[in-house]
Each structure stands twice: as C-alpha cells, then as structure tokens.
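Trainee: Have a look at this prediction, sequence included:
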Amino acid sequence: MKILVVTGATRGLGLAIARRAAADGYRVIASGRRLSEGLLALQAEYPDHVLFEVLDLADLASVHPFAMRISATYGRPWALVNNAARGTDGVLATLHERDISELLRVNVEAPILLTKYLLRPMLLNRSGRIINISSIIASTGFSGLSVYAASKAALAGFTRSLAREVGKAGITVNTVAPGYMETEMTSGLQGDKLQAIRRRSPLGRLAAPEDVAAAVSYLLSEQAVNVTGTTLTVDAGSTA
Ligand SMILES: NC(=O)c1ccc[n+]([C@@H]2O[C@H](COP(=O)([O-])OP(=O)(O)OC[C@H]3O[C@@H](n4cnc5c(N)ncnc54)[C@H](OP(=O)(O)O)[C@@H]3O)[C@@H](O)[C@H]2O)c1
C-alpha cells in the first residue's frame, strides 16, 4: 500500500484529501496538532488506511523527528501533501511581528523542511509525489492577506524549482491552488463577502474541499506521471 503523508488533515481541505486518498486505497498518515472528531470518524471508516501522527508545524525542531518516525513506523512514504497552513489576516501595518513570523514558519519554512526530510525516502525509492497546497491569493490580490499571499506564492515558487531538481529521480512536484472554500479558515468571511465571491465566479458557486481533493487525487494518480512543476487551480473559475 502506498504511504501518503497529509499535513493539516484534522479538518477542512486536509480532511477531505485524507478521505479521498483513503477511498483511493492509499495508507494515509494524517497529521495535525490534535486528533479531531472528523478524523476519528474517518479512522473508524478506514481503520487500516488512516493513521494519525501529531505534528505542530510551528515547532520546527519537531519536523525532522516526525519524518524519521514516519519512515521507521510505516515504511518509506510515497507522497506528501503540504496542506496545513495558518490563515492569519489583518492589514500589514497593524500585524504583530510575532504573527508574521509564525505564519511564515508554519506556511513556508515547515513545509520546506518536511519536504526535505520526506524527499530522502522518495529519492531512495526513485519515485514519489509532492503536492503543495497554495491558493489563488498567491497570484491575485486580497486586502488583509498580504503575508498569507506571500507564503502561498513562496510555495508555488518552491514547487517549480524543486520539480526541476528531483524530476530525474522520478518524483513529481505540483501546486494545487484552491479558490475560496467554506472551511474554518474562511469563517470570518461569511455573509456578504463569500456571497459576492460566489456570485462573481463564472460558475456561480465556490469550489468545495472535495473538488480540490479530486485534483490532488489526480496528481497522485498514475495518469499524472508526466505532470510536474505546474499549478492546478480549482476555483469555480474565479480567476478566469
Ligand atoms: N479555505 C479556503 O478558502 C482556502 C483557499 C485557498 C487555499 N486554502 C489552503 O488550503 C489549505 C487548508 O485550508 P483549510 O481551509 O482546510 O483550513 P482550516 O480549516 O483552517 O484547516 C487548517 C489545517 O491546518 C492545520 N494547522 C494549522 N496550524 C498548524 C500547525 N501549527 N501545525 C500543524 N497543523 C496546523 C490545522 O490543524 P489543527 O487541528 O492542528 O489546528 C488544520 O488541520 C491551506 O493550505 C490553505 O491555505 C484554503
């Protein structure tokens, strides 16, 4: 069974990715800071396919031990989905330095470190998949999300150069850029703002976490063996 590590799999998009991957037959190592009811329910549905491992990405020192533990306990991972992120918003002029550095640590530095350590077993296998969850905000603007946008653009740049670095070893690296979805991250956007985004999109709706999980499922699949270094946008057409 191929082993897939998904960060931030306790809720929202990460949980949808874990659910879809378990249904697709992967052994999913779902990580987050604490086990959630949603993930417990998924584990009950797929007891042999879904396992939980604690990882707080704000604690960079725990990333390497986590990667070692995964390989030692479950065997060499075949794929990694860097999904966990903080969605801290606020105008830059009043954002605390502490919040800026925590966001960059969780959204950029930790996924880069985790990729570095989980790449090693993939290089030994000479096959693997890395998927970085970015956002349409990496290439469009949204007032109050400048630091978040910087973190998401960083991941897209990381994808392209890493794809060049590890392609010869049979490893693909891609970005998935979701548009707005209804999750805890966007709970502050309920009402008018989310309604306006939905209305303005060509399809007149928002993408759901399940739509984005389907894009991840494709990039993990055999059909995507020649897709690397690219961004797959799933946003109901918002950026068209
Ligand atoms: N929602 C949207 O509209 C939207 C749009 C575009 C892109 N995205 C991207 O999609 C991804 C998932 O977002 P979401 O909407 O599902 O967000 P969410 O509901 O807020 O879930 C975030 C996930 O990240 C985890 N996480 C947060 N801080 C962490 C930390 N320090 N260490 C480890 N895990 C941590 C959370 O786990 P805990 O249980 O530990 O808190 C949770 O599982 C993110 O990369 C986000 O940027 C979202």
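Mentor: Thanks, I have the structure now.
Trainee: contacting residues for the residue nearest the centre of the chain?
Mentor: Geometric centre of the chain, nearest residue: Asn83, 1.8 Å, by C-alpha atoms, centre = their mean. Counting by C-beta atoms under 8 Å, 6 or more residues apart in numbering, Asn83 touches Val6, Thr7, Gly8, Ala9, Leu13, Gly14, Ile17, Ile133. C-beta here means a position set from N, CA and C on the backbone, and glycine is covered the same way.
Trainee: Recalculate using a threshold of 6 Å.
Mentor: Applying C-beta atoms under 6 Å, 6 or more residues apart in numbering, we find Asn83 in contact with Val6, Thr7, Gly8, Leu13, Gly14, Ile133.
Trainee: Where neighbours are concerned, which of those has the most?
Mentor: Using other C-beta atoms under 10 Å as the neighbour test, the contacts of Asn83 are led by Val6, with 30 neighbours.
Trainee: Quick check: that residue touching Ala18?
Mentor: Yes: Val6 is in contact with Ala18 according to C-beta atoms under 6 Å; the separation is 5.2 Å.
Trainee: which neighbours do these two share?
Mentor: Joint contacts of Val6 and Ala18 (C-beta under 6 Å, 6+ apart) are Ala30.
Trainee: and the gap between the residue in the chain positioned nearest to the ligand and Thr228?
Mentor: The ligand sits closest to Gly12 of the chain, with a gap of 2.2 Å, by C-beta to the nearest ligand atom. Per C-beta to C-beta, to the nearest Å, Gly12 is found 26 Å from Thr228.
Trainee: tally of neighbours for Leu232?
Mentor: 18.
Trainee: what separates stretch 54-74 from the chain centre, distance-wise?
Mentor: Centre-to-centre, stretch 54-74 and its host chain are 16 Å apart (C-alpha atoms, centre = their mean, to the nearest Å).
Trainee: And the helices in the protein?
Mentor: 12-24, 37-45, 63-74, 97-104, 110-125, 146-166, 192-200, 209-220 (DSSP state H).
Trainee: longest strand anywhere in this structure?
Mentor: Ranked by number of residues, the top strand in the chain under DSSP state E is strand 171-178.
Trainee: That strand pairs with which strands, and in what direction?
Mentor: strand 128-133 (parallel), strand 231-234 (parallel) (DSSP bridges).
Trainee: buried residues in that strand?
Mentor: Ile171, Thr172, Val173, Asn174, Thr175, Val176, Ala177, Pro178 (16 or more other C-beta atoms under 10 Å).
Trainee: dump the residue contacts of the third one.
Mentor: Spelled out, that is Val173. Val173 neighbours (C-beta under 6 Å, 6+ apart): Ile130, Thr159, Leu162, Ala163, Thr228.
Trainee: Lys152 touches Ile136, doesn't it?
Mentor: No: contact criterion C-beta under 6 Å: Lys152 and Ile136 do not qualify, at 8.6 Å.
Trainee: When these two are compared, which one has more neighbours?
Mentor: With neighbours defined as other C-beta under 10 Å, Lys152 and Ile136 compare such that Lys152 has more, 23 against 20.
Trainee: contacting residues around the residue lying closest to that one once chain neighbours are set aside?
Mentor: Distances taken as C-beta to C-beta, 6 or more residues apart in numbering place Ala138 nearest to Lys152, at 3.9 Å, with adjacent residues excluded. If you count contacts by C-beta under 6 Å, 6+ apart, Ala138 has them with Lys152, Ala153, Ala156.
Trainee: Try it again at 8 Å.
Mentor: By C-beta under 8 Å, 6+ apart, the residues touching Ala138 are Ala149, Lys152, Ala153, Leu155, Ala156, Ala177.
Trainee: Quick one: list the elements packing against the helix-or-strand element of the chain with minimal mean pLDDT.
Mentor: Ranked by mean pLDDT, DSSP states H and E, the weakest helix or strand in the chain is helix 192-200, scoring a mean of 91. Judged by 3 or more C-beta pairs under 8 Å, 6 or more residues apart in numbering; DSSP states H and E, helix 192-200 is in contact with no other helix or strand.
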